[in-house]
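**Student:** My questions are about this predicted structure, shown below with the sequence.
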Amino acid sequence: MKNPHPSKSREPRLKSVRVKKIGDYRDIPAAYLEVVKNYANPLLVGPPICDELVELILHMFTEEEASLVQHIRSPIGKTAKAVAADVHRPVKEIVPTLERLTYEKFVLLSFGSGERKRYGLMPLVPGVFEMTLIRTSLETLTEWHRRFAELFEALYKTGYFAEYVAHPISSVRYVPVGETIEAHPQALPLDHLEEVLDPYKVFGVGLCQCRMSAQIRNQACDRPLETCVVFGDAADFLIRNDKMRKVTKKDVLEIKAEAMSTGLVNFIIEIEAIKNASGTSCSCCGCCCGALRLITEFNAPGIIAPPHFMPQVDPAGALYRLRPLRGGL
(Lines give C-alpha, C1' and ligand atoms only; values in the text may rest on other atoms or scores of the structure.)
Protein backbone atom coordinates (compact mmCIF):
# COMPACT_ATOMS: atom_id res chain seq x y z
CA MET A 1 0.00 0.00 0.00
CA LYS A 2 1.39 3.39 -0.98
CA ASN A 3 2.69 5.47 1.90
CA PRO A 4 4.57 8.72 1.20
CA HIS A 5 6.08 8.59 4.69
CA PRO A 6 7.39 5.01 5.16
CA SER A 7 8.10 3.93 8.71
CA LYS A 8 11.75 4.31 9.62
CA SER A 9 13.89 5.42 12.50
CA ARG A 10 14.36 9.17 12.46
CA GLU A 11 15.03 12.02 14.76
CA PRO A 12 11.92 13.91 15.98
CA ARG A 13 11.06 17.05 14.06
CA LEU A 14 12.24 20.07 16.00
CA LYS A 15 9.67 22.68 17.00
CA SER A 16 10.24 25.59 14.64
CA VAL A 17 7.62 28.08 15.80
CA ARG A 18 9.04 31.60 16.01
CA VAL A 19 7.05 33.51 18.59
CA LYS A 20 6.34 37.15 17.81
CA LYS A 21 4.42 40.04 19.30
CA ILE A 22 1.32 41.74 17.96
CA GLY A 23 3.39 44.91 17.56
CA ASP A 24 5.47 43.13 14.93
CA TYR A 25 2.51 43.26 12.52
CA ARG A 26 2.00 46.99 12.06
CA ASP A 27 0.71 46.70 8.49
CA ILE A 28 -2.16 44.34 9.34
CA PRO A 29 -5.60 45.78 10.24
CA ALA A 30 -6.27 45.88 13.98
CA ALA A 31 -9.37 43.66 13.74
CA TYR A 32 -7.30 40.78 12.36
CA LEU A 33 -4.74 41.17 15.11
CA GLU A 34 -7.45 40.97 17.78
CA VAL A 35 -8.68 37.73 16.20
CA VAL A 36 -5.11 36.41 16.20
CA LYS A 37 -4.86 37.12 19.94
CA ASN A 38 -8.18 35.39 20.54
CA TYR A 39 -7.02 32.18 18.83
CA ALA A 40 -3.61 32.29 20.54
CA ASN A 41 -5.36 31.81 23.89
CA PRO A 42 -4.05 28.66 25.68
CA LEU A 43 -7.62 27.98 26.83
CA LEU A 44 -8.37 27.30 23.14
CA VAL A 45 -5.22 25.17 22.84
CA GLY A 46 -3.99 27.97 20.63
CA PRO A 47 -0.61 28.45 18.99
CA PRO A 48 1.57 31.37 20.04
CA ILE A 49 1.44 34.51 17.93
CA CYS A 50 3.53 33.72 14.86
CA ASP A 51 3.63 34.31 11.12
CA GLU A 52 1.87 31.02 10.38
CA LEU A 53 -1.07 31.83 12.67
CA VAL A 54 -1.40 35.34 11.23
CA GLU A 55 -1.44 33.98 7.66
CA LEU A 56 -4.13 31.45 8.57
CA ILE A 57 -6.36 34.06 10.23
CA LEU A 58 -5.98 36.42 7.27
CA HIS A 59 -7.26 33.62 5.06
CA MET A 60 -10.07 32.43 7.33
CA PHE A 61 -11.80 35.81 7.62
CA THR A 62 -12.52 38.79 5.47
CA GLU A 63 -11.83 42.10 7.16
CA GLU A 64 -15.56 42.65 7.67
CA GLU A 65 -15.87 39.20 9.30
CA ALA A 66 -12.83 39.89 11.48
CA SER A 67 -14.41 43.15 12.64
CA LEU A 68 -17.13 41.03 14.28
CA VAL A 69 -15.12 37.98 15.35
CA GLN A 70 -12.60 40.12 17.22
CA HIS A 71 -15.28 40.59 19.88
CA ILE A 72 -15.87 36.83 20.32
CA ARG A 73 -13.18 35.58 22.67
CA SER A 74 -14.29 32.22 24.01
CA PRO A 75 -16.32 29.09 23.22
CA ILE A 76 -19.33 30.44 25.16
CA GLY A 77 -19.19 33.50 22.91
CA LYS A 78 -21.76 36.24 22.61
CA THR A 79 -25.22 36.84 21.27
CA ALA A 80 -25.64 38.74 18.02
CA LYS A 81 -27.10 41.60 20.08
CA ALA A 82 -23.94 41.80 22.21
CA VAL A 83 -21.67 41.75 19.16
CA ALA A 84 -23.82 44.41 17.49
CA ALA A 85 -23.43 46.61 20.55
CA ASP A 86 -19.64 46.17 20.41
CA VAL A 87 -19.48 47.31 16.78
CA HIS A 88 -22.27 49.90 17.03
CA ARG A 89 -24.31 48.36 14.23
CA PRO A 90 -27.89 47.07 13.97
CA VAL A 91 -28.32 43.41 14.85
CA LYS A 92 -30.00 42.66 11.54
CA GLU A 93 -26.88 43.80 9.69
CA ILE A 94 -24.46 41.45 11.41
CA VAL A 95 -26.56 38.30 11.82
CA PRO A 96 -26.10 37.18 8.16
CA THR A 97 -22.32 37.36 8.58
CA LEU A 98 -22.35 35.40 11.84
CA GLU A 99 -24.63 32.79 10.28
CA ARG A 100 -22.37 32.49 7.23
CA LEU A 101 -19.35 31.94 9.45
CA THR A 102 -21.27 29.25 11.35
CA TYR A 103 -23.09 27.35 8.59
CA GLU A 104 -21.10 28.03 5.42
CA LYS A 105 -17.49 28.46 6.52
CA PHE A 106 -18.07 26.43 9.73
CA VAL A 107 -15.44 28.40 11.65
CA LEU A 108 -17.75 29.47 14.52
CA LEU A 109 -19.86 27.53 16.99
CA SER A 110 -23.46 28.42 17.69
CA PHE A 111 -25.90 27.22 20.33
CA GLY A 112 -29.33 28.28 21.49
CA SER A 113 -31.96 29.96 19.38
CA GLY A 114 -33.66 33.26 18.82
CA GLU A 115 -32.28 36.28 20.65
CA ARG A 116 -30.45 33.98 23.07
CA LYS A 117 -28.45 32.29 20.33
CA ARG A 118 -24.73 32.62 21.00
CA TYR A 119 -21.75 32.47 18.66
CA GLY A 120 -18.45 31.16 20.00
CA LEU A 121 -14.92 30.29 18.97
CA MET A 122 -13.66 26.76 18.42
CA PRO A 123 -10.04 25.75 18.93
CA LEU A 124 -8.18 25.57 15.63
CA VAL A 125 -7.67 21.86 16.37
CA PRO A 126 -9.63 19.93 17.28
CA GLY A 127 -12.34 22.21 15.98
CA VAL A 128 -11.97 24.58 13.06
CA PHE A 129 -9.74 22.24 11.05
CA GLU A 130 -12.21 19.36 11.25
CA MET A 131 -15.41 21.38 10.82
CA THR A 132 -14.06 23.33 7.88
CA LEU A 133 -12.92 20.30 5.91
CA ILE A 134 -15.36 17.54 6.85
CA ARG A 135 -17.64 16.69 3.95
CA THR A 136 -19.02 13.79 1.90
CA SER A 137 -17.32 14.57 -1.42
CA LEU A 138 -14.00 16.00 -2.60
CA GLU A 139 -15.91 17.79 -5.33
CA THR A 140 -17.21 20.31 -2.79
CA LEU A 141 -13.72 21.55 -1.97
CA THR A 142 -13.05 25.08 -3.18
CA GLU A 143 -9.77 26.92 -3.63
CA TRP A 144 -10.51 28.57 -0.28
CA HIS A 145 -10.58 25.13 1.38
CA ARG A 146 -7.40 24.04 -0.40
CA ARG A 147 -5.53 27.13 0.73
CA PHE A 148 -6.88 26.67 4.26
CA ALA A 149 -5.44 23.12 4.32
CA GLU A 150 -2.05 24.36 3.13
CA LEU A 151 -1.88 27.16 5.69
CA PHE A 152 -3.02 24.92 8.52
CA GLU A 153 -0.31 22.40 7.64
CA ALA A 154 2.32 25.15 7.76
CA LEU A 155 1.11 26.05 11.27
CA TYR A 156 1.00 22.40 12.36
CA LYS A 157 4.57 21.83 11.20
CA THR A 158 5.85 24.45 13.62
CA GLY A 159 5.23 21.83 16.31
CA TYR A 160 3.39 24.19 18.64
CA PHE A 161 0.74 21.59 19.50
CA ALA A 162 3.33 19.22 20.95
CA GLU A 163 3.65 21.63 23.89
CA TYR A 164 0.10 20.76 24.95
CA VAL A 165 0.66 16.99 25.01
CA ALA A 166 3.90 16.83 27.00
CA HIS A 167 1.87 15.01 29.66
CA PRO A 168 -0.85 12.39 29.00
CA ILE A 169 -4.33 13.88 28.68
CA SER A 170 -6.23 10.72 27.63
CA SER A 171 -8.03 12.30 24.70
CA VAL A 172 -8.33 9.10 22.67
CA ARG A 173 -8.12 5.41 23.42
CA TYR A 174 -6.86 2.73 21.07
CA VAL A 175 -6.71 -1.06 20.98
CA PRO A 176 -3.44 -2.60 19.72
CA VAL A 177 -3.85 -5.04 16.83
CA GLY A 178 -0.91 -7.15 15.73
CA GLU A 179 -2.52 -8.31 12.52
CA THR A 180 -5.64 -7.89 10.43
CA ILE A 181 -8.50 -9.93 11.87
CA GLU A 182 -11.56 -10.98 9.91
CA ALA A 183 -14.52 -10.99 12.21
CA HIS A 184 -18.20 -10.20 12.45
CA PRO A 185 -19.04 -6.58 13.26
CA GLN A 186 -19.77 -7.37 16.90
CA ALA A 187 -16.26 -8.79 17.22
CA LEU A 188 -14.25 -5.81 16.06
CA PRO A 189 -11.14 -5.11 18.18
CA LEU A 190 -12.30 -1.58 18.84
CA ASP A 191 -12.59 -1.48 22.62
CA HIS A 192 -16.24 -2.51 22.60
CA LEU A 193 -17.21 -0.06 19.87
CA GLU A 194 -20.60 -1.66 19.39
CA GLU A 195 -21.38 -1.16 23.07
CA VAL A 196 -20.34 2.49 22.77
CA LEU A 197 -22.70 2.92 19.83
CA ASP A 198 -25.69 1.16 21.39
CA PRO A 199 -27.21 4.23 23.14
CA TYR A 200 -27.20 6.29 19.94
CA LYS A 201 -29.80 6.46 17.19
CA VAL A 202 -28.18 8.77 14.65
CA PHE A 203 -24.91 8.04 12.83
CA GLY A 204 -23.08 9.97 10.16
CA VAL A 205 -19.95 9.32 8.10
CA GLY A 206 -17.73 11.73 6.21
CA LEU A 207 -14.30 11.98 4.64
CA CYS A 208 -11.22 11.93 6.87
CA GLN A 209 -10.04 15.52 7.13
CA CYS A 210 -6.39 14.57 7.69
CA ARG A 211 -6.06 12.35 4.61
CA MET A 212 -8.11 14.85 2.62
CA SER A 213 -5.75 17.64 3.65
CA ALA A 214 -2.75 15.48 2.71
CA GLN A 215 -4.35 14.75 -0.65
CA ILE A 216 -4.77 18.46 -1.30
CA ARG A 217 -1.02 18.79 -0.74
CA ASN A 218 -0.27 15.72 -2.92
CA GLN A 219 1.07 13.84 0.12
CA ALA A 220 -1.74 11.38 0.86
CA CYS A 221 -1.56 7.61 1.24
CA ASP A 222 -4.12 5.46 -0.58
CA ARG A 223 -6.09 4.30 2.44
CA PRO A 224 -9.88 4.86 2.57
CA LEU A 225 -11.18 8.41 2.94
CA GLU A 226 -14.75 7.79 4.10
CA THR A 227 -13.95 6.68 7.65
CA CYS A 228 -14.80 9.64 9.90
CA VAL A 229 -17.84 8.70 12.03
CA VAL A 230 -19.93 10.86 14.36
CA PHE A 231 -22.90 9.68 16.42
CA GLY A 232 -25.57 11.36 18.49
CA ASP A 233 -26.56 15.03 18.46
CA ALA A 234 -23.45 16.14 16.57
CA ALA A 235 -24.18 13.61 13.81
CA ASP A 236 -27.70 14.97 13.44
CA PHE A 237 -26.30 18.52 13.06
CA LEU A 238 -23.70 17.50 10.49
CA ILE A 239 -26.18 15.45 8.45
CA ARG A 240 -28.68 18.31 8.38
CA ASN A 241 -25.94 20.63 7.13
CA ASP A 242 -24.75 18.24 4.39
CA LYS A 243 -21.38 17.67 6.06
CA MET A 244 -22.00 13.93 6.54
CA ARG A 245 -24.19 11.25 5.08
CA LYS A 246 -26.56 9.32 7.33
CA VAL A 247 -25.73 5.64 7.98
CA THR A 248 -26.82 2.89 10.33
CA LYS A 249 -24.91 1.39 13.25
CA LYS A 250 -24.31 -1.71 11.11
CA ASP A 251 -22.80 0.51 8.41
CA VAL A 252 -20.49 2.10 10.99
CA LEU A 253 -19.20 -1.27 12.17
CA GLU A 254 -18.57 -2.37 8.58
CA ILE A 255 -16.76 0.89 7.80
CA LYS A 256 -14.53 0.41 10.84
CA ALA A 257 -13.84 -3.23 9.94
CA GLU A 258 -12.75 -2.21 6.44
CA ALA A 259 -10.63 0.60 7.86
CA MET A 260 -8.84 -1.83 10.16
CA SER A 261 -8.22 -4.24 7.30
CA THR A 262 -6.24 -1.53 5.49
CA GLY A 263 -4.03 -0.85 8.50
CA LEU A 264 -5.85 2.18 9.93
CA VAL A 265 -6.06 2.68 13.69
CA ASN A 266 -9.61 3.12 14.94
CA PHE A 267 -9.86 5.72 17.70
CA ILE A 268 -12.84 6.49 19.92
CA ILE A 269 -12.99 10.02 21.24
CA GLU A 270 -14.21 10.03 24.83
CA ILE A 271 -15.43 13.31 26.31
CA GLU A 272 -17.20 12.61 29.56
CA ALA A 273 -19.16 15.88 29.59
CA ILE A 274 -21.05 15.03 26.40
CA LYS A 275 -20.78 11.26 26.38
CA ASN A 276 -24.53 10.84 26.38
CA ALA A 277 -25.06 13.34 23.56
CA SER A 278 -22.34 12.81 20.96
CA GLY A 279 -19.19 10.93 20.09
CA THR A 280 -16.73 10.37 17.28
CA SER A 281 -14.57 7.61 15.91
CA CYS A 282 -11.60 8.34 13.65
CA SER A 283 -9.63 5.84 11.57
CA CYS A 284 -6.10 7.12 11.41
CA CYS A 285 -2.83 6.46 9.61
CA GLY A 286 0.57 7.47 10.91
CA CYS A 287 1.46 9.41 7.77
CA CYS A 288 -1.52 11.82 7.60
CA CYS A 289 -3.27 11.89 11.00
CA GLY A 290 -2.46 14.94 13.08
CA ALA A 291 -2.69 13.04 16.38
CA LEU A 292 -0.43 10.19 15.25
CA ARG A 293 2.02 12.54 13.57
CA LEU A 294 2.63 14.06 17.00
CA ILE A 295 4.18 10.68 17.79
CA THR A 296 5.86 9.86 14.47
CA GLU A 297 7.21 13.35 13.83
CA PHE A 298 7.42 15.16 17.18
CA ASN A 299 7.80 12.25 19.65
CA ALA A 300 4.90 13.62 21.71
CA PRO A 301 2.53 10.71 22.47
CA GLY A 302 0.72 12.38 25.38
CA ILE A 303 -2.57 12.70 23.47
CA ILE A 304 -2.91 8.91 23.22
CA ALA A 305 -4.28 7.05 26.24
CA PRO A 306 -3.14 3.44 26.82
CA PRO A 307 -5.60 0.64 26.03
CA HIS A 308 -7.46 -1.35 28.65
CA PHE A 309 -7.72 -4.54 26.56
CA MET A 310 -5.67 -6.69 24.19
CA PRO A 311 -7.56 -8.42 21.33
CA GLN A 312 -7.14 -12.19 21.11
CA VAL A 313 -8.26 -14.54 18.33
CA ASP A 314 -8.01 -18.33 18.12
CA PRO A 315 -6.00 -19.83 15.22
CA ALA A 316 -9.12 -20.41 13.13
CA GLY A 317 -10.24 -16.83 13.61
CA ALA A 318 -13.58 -18.05 14.89
CA LEU A 319 -13.39 -16.64 18.40
CA TYR A 320 -12.65 -13.10 19.43
CA ARG A 321 -12.35 -11.70 22.92
CA LEU A 322 -10.72 -8.81 24.78
CA ARG A 323 -8.20 -9.71 27.48
CA PRO A 324 -7.83 -7.04 30.21
CA LEU A 325 -4.32 -5.63 30.37
CA ARG A 326 -2.51 -5.63 33.70
CA GLY A 327 0.24 -3.48 35.09
CA GLY A 328 -1.76 -0.34 35.80
CA LEU A 329 -2.67 0.61 32.25
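**Tutor:** Arrived safely.

**Student:** Point out where the stretch 101-250 of the chain drops to low pLDDT.
**Tutor:** Within the stretch 101-250 of the chain, the stretches with pLDDT under 70 are 164-192.

**Student:** Assess the claim that A31 and T62 are in contact.
**Tutor:** No: the pair A31 / T62 is not scored as a contact, 10.0 Å apart, by C-beta atoms under 8 Å. Just so you know, the C-beta spots here come from the backbone N, C-alpha and C atoms, and that holds for glycine as well.

**Student:** Of the two, which one has the most company?
**Tutor:** The neighbour count for A31 versus T62, taken as other C-beta atoms under 10 Å, is higher for A31 (19 against 12).

**Student:** if I pick the more buried one, what's in contact with it?
**Tutor:** Counting by C-beta atoms under 8 Å, 6 or more residues apart in numbering, A31 touches 63, 66-67, 70.

**Student:** Just the buried ones from the residues you listed?
**Tutor:** Buried subset of the contacts of A31 (neighbour count, 16 or more other C-beta atoms under 10 Å): 66-67, 70.

**Student:** Now, those that are in helices?
**Tutor:** 66-67 (DSSP state H).

**Student:** got the buried ones among the contacts of A31 as a markdown table, with pLDDT columns?
**Tutor:** Below are the buried ones among the contacts of A31 laid out as a markdown table (pLDDT from 0 to 100):
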| residue | pLDDT |
| --- | --- |
| A66 | 98 |
| S67 | 98 |
| Q70 | 98 |
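
**Student:** now, which of the buried ones among the contacts of A31 sits nearest E150?
**Tutor:** Distance ranking of the buried ones among the contacts of A31 against E150, using C-beta to C-beta, places A66 first at 20.2 Å.

**Student:** how close does that closest one get to L108?
**Tutor:** For A66, the distance to L108 (C-beta to C-beta, to the nearest Å) stands at 12 Å.

**Student:** With L253 instead?
**Tutor:** 33 Å.

**Student:** Report the rounded mean pLDDT for stretch 296-304.
**Tutor:** Averaging pLDDT along stretch 296-304 gives 66.

**Student:** Much appreciated, bye for now.
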